[in-house]
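Novice: What follows is a protein structure lacking sequence information:
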């Protein structure tokens with residue numbers, strides 16, 4: 001598998017929902033279902049389904065779950081310091097007379 005894909009990280013809540021819907025409870029079960037080695041999955045995910053995404057694994061998962069790739073990953077720049085998606089900044093527009 002290639003190295004990380006531009007620093008993308010897994011969208012853990014979304015991924016956990018997809019795994020739960022398919023009754024996948026472990027990394028080894030995921031590896032078996034998508035047809036890759038346990039080592040590949042173990043390198044990509046920790047036990048809480050966090051980690052760095054690879055392009056090949058993003059593609060495999062998107063095809064297996066029938067979802068768009070952007071449902072599986074998040075750009076690190078869009079995360080807050082606690083690792084959760086950052087809320088978009090709302091800017092107040094001030095009108096001048």
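Specialist: The structure has been received and is ready for your questions. The model shown is predicted, which means the values in this text are computed figures rather than measured ones. Residues are numbered from 1 along each chain as shown.
Novice: for the helix or strand where residue 58 lies, packing partners?
Specialist: Per DSSP states H and E, residue 58 falls inside helix 55-65. Contact here means 3 or more C-beta pairs under 8 Å, 6 or more residues apart in numbering; DSSP states H and E; on that basis helix 55-65 packs against strand 4-10, helix 12-21, helix 27-34, helix 38-44. In this view, the C-beta of every residue, glycine as well, is placed from N, C-alpha and C.
Novice: Which stretch among those approaches residue 74 most closely?
Specialist: strand 4-10 (5.6 Å; C-beta to C-beta).
Novice: What's the mean pLDDT across the closest one?
Specialist: Mean pLDDT, computed over strand 4-10, is 74.
Novice: Hmm, residue 60 is touching residue 36, no?
Specialist: Yes: contact criterion C-beta atoms under 8 Å: residue 60 and residue 36 qualify, at 6.5 Å.
Novice: so where's the protein uncertain?
Specialist: Scanning the chain for pLDDT under 70 picks out 1-6, 78-97.
Novice: change it to 50
Specialist: 1-4, 87-92 (pLDDT under 50).
Novice: Give the pairing partners of the very next helix or strand once past the helix holding residue 58; include direction for each.
Specialist: Next helix or strand after helix 55-65 toward the C-terminus (DSSP H and E): strand 73-74. Here strand 73-74 has these sheet partners by DSSP bridges: strand 4-10 (antiparallel).
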